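Engineer: this is a predicted model, with the sequence first.
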Amino acid sequence: MQRPMLINGDIDLRLVSEPDESRANILSKLVLPAFKYTTVNHNPGGGIGAVDFGKPRTEAFEPKAEHKGLDNKLLEKLGKHEEWVFAGNYRQMPGNLWLPVRGFIHATLMEWEPDEMGADDLQGCNLAFKEVTHVELILDGKELFYWDFWEREIRPDPTDGERKRALGI
């Protein structure tokens with residue numbers, strides 16, 4: 001059976017506290033970081049080689065975004081921990097079916113970098129989010145990924161909760 005192909009469509013980024021402040025017309029790129037589990041290296045002195053053992057924890061998430069023009073509302077949010085929601089859509093081929101994608105990020109906007117100014121181009125701005133404590137990704141109503149630092153929760157969880165039970169939480 002042929003696997004469907006998803007083609008990027010539109011994107012938007014908003015503050016959860018300001019749901020009417022769409023950036024769909026100025027946002028040009030949203031980059032979600034790689035989902036990477038951490039590893040610990042074990043290289044025994046009497047062994048025949050090293051192994052990077054996986055751990056049920058992730059590396060820090062640092063999403064990025066790019067938009068065209070200046071957004072004074074974003075500048076006001078620099079250095080503040082906020083709840084962000086991003087929305088998008090994918091066109092599924094074959095079939096030309098549009099699928100919604102939603103995500104939530106609790107993070108601090110830590111970097112704002114304007115592009116070079118030119119007479120014949122809209123100036124862009126690059127954003128970087130740090131101090132990420134919550135990430136959620138939902139495609140067509142199905143949760144693909146959930147991570148929350150304060151809840152100590154990762155879904156899908158490779159240890160199926162055994163790690164937390166062994167810790168007594």
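Structural biologist: Here it is on my side, so go on. Residues are numbered from 1 along each chain as shown.

Engineer: rest of the way, CA atoms for contacts and neighbours
Structural biologist: OK.

Engineer: distance from the centroid: which residue in the chain tops it?
Structural biologist: Gly46 (41.3 Å; Cα atoms, centre = their mean).

Engineer: what does that one show for phi and psi?
Structural biologist: When read as degrees, to the nearest 10, the backbone of Gly46 gives phi -100, psi 10.

Engineer: now do Arg165
Structural biologist: phi -60, psi -40.

Engineer: now Gly168
Structural biologist: Per degrees, to the nearest 10, the backbone of Gly168 is at phi 90, psi 20.

Engineer: residues near it, how many?
Structural biologist: 7 (other Cα atoms under 10 Å).

Engineer: if I look at it, how far off is Ala107?
Structural biologist: 28 Å (Cα to Cα, to the nearest Å).

Engineer: ok, Pro94 next?
Structural biologist: Counting by Cα to Cα, the gap from Pro94 to Ala107 is 36 Å.

Engineer: comparing the two, which residue is more hemmed in?
Structural biologist: For Pro94 versus Ala107, the count of surrounding residues by other Cα under 10 Å is larger for Ala107: 23 against 11.

Engineer: for the more buried one, give the beta-bridge partners.
Structural biologist: According to DSSP bridges, the partner residues bridging Ala107 are Glu82.

Engineer: and the gap between it and Gly79?
Structural biologist: Taken as Cα to Cα, the span from Ala107 to Gly79 is 10 Å.

Engineer: adjacent strands (with direction) for the helix or strand hosting Thr38?
Structural biologist: Using DSSP states H and E, Thr38 maps to strand 37-42. Using DSSP bridges, the strands paired with strand 37-42 are strand 51-58 (antiparallel).

Engineer: on contacts alone, who are the packing partners of the helix or strand just after the partner strand?
Structural biologist: Following strand 51-58 in sequence order, the next helix or strand is strand 64-68 (DSSP H and E). Helices and strands touching strand 64-68, by 3 or more Cα pairs under 8 Å, 6 or more residues apart in numbering; DSSP states H and E, are strand 27-31, strand 124-139.

Engineer: that concludes my questions; thank you for your assistance.
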